[in-house]
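S.K.: Predicted model and sequence follow; I will ask about them next.
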Amino acid sequence: VQLEESGGGEVQAGGSLRLSCAASVDSYRSYCMAWFRQAPGKEREWVSTLSDAGTKTYTDSVKGRFTISQDYEKRTLYLQMSRLKTEDTAVYYCAAACYESGGGYHSDYWGQGTQVTVSS
């Protein structure tokens, strides 16, 4: 499984960005896909999940601002981020084969990450 993120960059607070994640994987439709992020000096945290059944879930801090979606034909996962805040600054990681364990989300496969910087 190979995952490659793109679309990161620098944006002012209140702005928008769309992250993409191209997945090289067989049976793409059978995978739970997710986005995580890691801010400087902090542990990696879960952001959003799109289950293989199509269920979308979000961490509370991004609800109403971020939207996860995917294009099955292109095998690409997206994260549309709007009304960005400085606290959204982080490296964003695409993940595949996600699952819940110990009260949190985890994944077996990871992309290399893309930097998102939100300036005030």
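M.R.: Arrived safely. Numbering: from 1, shown residues only.

S.K.: Identify the residues contacting stretch 97-113?
M.R.: Residues from elsewhere that reach stretch 97-113 (C-beta atoms under 8 Å, 6 or more residues apart in numbering): 1, 3-5, 21, 25, 31-34, 36, 38, 46, 49, 91-96. C-beta here means a position set from N, CA and C on the backbone, and glycine is covered the same way.

S.K.: Just the buried ones from these?
M.R.: Listed as buried from the contacts of stretch 97-113 are 3, 5, 21, 31-34, 36, 46, 49, 91-96; burial here means 16 or more other C-beta atoms under 10 Å.

S.K.: Nearest to V116 among the residues you listed?
M.R.: Nearest to V116 out of the buried ones among the contacts of stretch 97-113 is Y92 (C-beta to C-beta; 5.5 Å).

S.K.: For my notes, confirm the closest one occurs in a strand.
M.R.: Yes - counting by DSSP: H, G, I helix; E, B strand; the rest coil, Y92 falls inside a strand.

S.K.: Surely it touches A39?
M.R.: No - contact criterion C-beta atoms under 8 Å: Y92 and A39 do not qualify, at 10.2 Å.

S.K.: Okay, now stretch 22-30: how far is its last residue from its first?
M.R.: Using C-alpha to C-alpha, to the nearest Å, the end-to-end distance of stretch 22-30 comes to 15 Å.

S.K.: circling back to that earlier point, so for the buried ones among the contacts of stretch 97-113, which is the shakiest by pLDDT?
M.R.: Lowest pLDDT among those: Y31, with 87.
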